[in-house]
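Engineer: Give me a 3D structure for the following:
(2 chains)
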Amino acid sequence: DAKTTQPPSMDCAEGRAANLPCNHSTISGNEYVYWYRQIHSQGPQYIIHGLKNNETNEMASLIITEDRKSSTLILPHATLRDTAVYYCIVRVIRSGNTPLVFGKGTRLSVIA
Amino acid sequence: KAGVTQTPRYLIKTRGQQVTLSCSPISGHRSVSWYQQTPGQGLQFLFEYFSETQRNKGNFPGRFSGRQFSNSRSEMNVSTLELGDSALYLCASTWGTDNLYGYTFGSGTRLTVV
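Structural biologist: Here you go, the predicted structure:
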């Protein structure tokens, strides 16, 4: 089962920041937070991941609370192409990959 | 650079038949995973291969199998197809084996069993 909780849906006006929350209250000290998104009829796309520090890349920013029990993915200037299902996933740091466990995610609708 | 390539994109099979799906990872990626996506169950992990060895396996019946070749290309096979096997099958590749890198997914093969 997924170890994260996300709202099922959110709306965002085009050009505004989209802030997608994720609760992972049982996260362990050796687990990363990953974010993926899936645009309709495509495979999921990796966005960003972090351990405890805030992270930023060309796509988004990831803010992780100090207690690491929740995080927020920020799309600074949402466009219509950002309409997708966003998945928050926790993964343990270990030798050998572990599968991605996808929950139901948050369906983000960017509105013109 | 080229992304993850899955072939074919669409496939229609009859119940009881078998099917083979192909995945070519990004050049240099040695880990390949397979996922099944259905409206009811969402995205579910099938198996992962690294250096031609299966490293992880999901909770699917033995009718689902896979393999990886020396060039990292992978195939998955489903035998004795059932109507419930209709799904989008996604392949993903990554560089390493320690969960430090994101996966790159292909666009998937949409399998319809009639």
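
Engineer: Just the element for the residue sitting nearest the centre point of chain A, please.
Structural biologist: Compute the mean C-alpha point of chain A, and by C-alpha atoms, centre = their mean the closest residue is residue A:35, 3.4 Å away. Using DSSP states H and E, residue A:35 maps to strand A:31-38.

Engineer: chain center to that strand: distance?
Structural biologist: 5 Å (C-alpha atoms, centre = their mean, to the nearest Å).

Engineer: what's the angle from the next helix or strand after it to strand A:31-38?
Structural biologist: For strand A:31-38, the following helix or strand on the C-terminal side (DSSP H and E) is strand A:45-50. Counting by axes from the mean of the first three to the mean of the last three C-alpha atoms, to 10 degrees, strand A:45-50 lies at 160 degrees to strand A:31-38.

Engineer: mind checking how far strand A:45-50 is from the chain centre?
Structural biologist: 7 Å.

Engineer: That one vs chain B: in contact?
Structural biologist: Yes - residues of strand A:45-50 contacting chain B under C-beta under 8 Å from any C-beta of the partner chain: A:45-47, A:49. Placement of C-beta: from N, CA and C, glycine included.

Engineer: Who are the packing partners of that strand?
Structural biologist: strand A:31-38, strand A:55-56, strand A:61-64, strand A:70-75 (3 or more C-beta pairs under 8 Å, 6 or more residues apart in numbering or on different chains; DSSP states H and E).

Engineer: which parts of chain A sit against chain B?
Structural biologist: Selection of chain A residues close to chain B by C-beta under 8 Å from any C-beta yields A:32, A:34, A:36, A:41-47, A:49, A:91-104.

Engineer: Need the buried ones from those residues selected in ChimeraX.
Structural biologist: Remark: buried members of these, expressed as a ChimeraX selection using 16 or more other C-beta atoms under 10 Å in any protein chain shown:
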select /A:32,34,36,43,44,45,46,47,49,91,97,98,99,100,101,102,103
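
Engineer: got the residue ranges for the strands in chain B?
Structural biologist: B:5-7, B:10-13, B:19-24, B:31-38, B:42-50, B:53-57, B:64-68, B:74-78, B:87-94, B:104-105, B:109-113 (DSSP state E).

Engineer: Can I get these in a markdown table including distance to chain A and mean pLDDT?
Structural biologist: As requested, those are exported to a markdown table (distance: least, C-beta to the nearest C-beta, whole Å; pLDDT from 0 to 100):
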| stretch | distance to chain A | mean pLDDT |
| --- | --- | --- |
| strand B:5-7 | 8 | 97 |
| strand B:10-13 | 11 | 98 |
| strand B:19-24 | 11 | 98 |
| strand B:31-38 | 6 | 95 |
| strand B:42-50 | 4 | 94 |
| strand B:53-57 | 6 | 92 |
| strand B:64-68 | 13 | 97 |
| strand B:74-78 | 14 | 98 |
| strand B:87-94 | 5 | 96 |
| strand B:104-105 | 3 | 94 |
| strand B:109-113 | 9 | 98 |
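
Engineer: got these as JSON lines, with distance to residue A:77 and mean neighbour count columns?
Structural biologist: Rendered in JSON lines, the data for those read as follows (distance: least, C-beta to C-beta, whole Å; neighbours: other C-beta atoms under 10 Å in any protein chain shown):
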{"stretch": "strand B:5-7", "distance to residue A:77": "32", "mean neighbour count": "15"}
{"stretch": "strand B:10-13", "distance to residue A:77": "35", "mean neighbour count": "13"}
{"stretch": "strand B:19-24", "distance to residue A:77": "34", "mean neighbour count": "19"}
{"stretch": "strand B:31-38", "distance to residue A:77": "29", "mean neighbour count": "23"}
{"stretch": "strand B:42-50", "distance to residue A:77": "28", "mean neighbour count": "22"}
{"stretch": "strand B:53-57", "distance to residue A:77": "38", "mean neighbour count": "14"}
{"stretch": "strand B:64-68", "distance to residue A:77": "40", "mean neighbour count": "19"}
{"stretch": "strand B:74-78", "distance to residue A:77": "37", "mean neighbour count": "20"}
{"stretch": "strand B:87-94", "distance to residue A:77": "28", "mean neighbour count": "24"}
{"stretch": "strand B:104-105", "distance to residue A:77": "24", "mean neighbour count": "22"}
{"stretch": "strand B:109-113", "distance to residue A:77": "33", "mean neighbour count": "18"}
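
Engineer: That'll do, ta.
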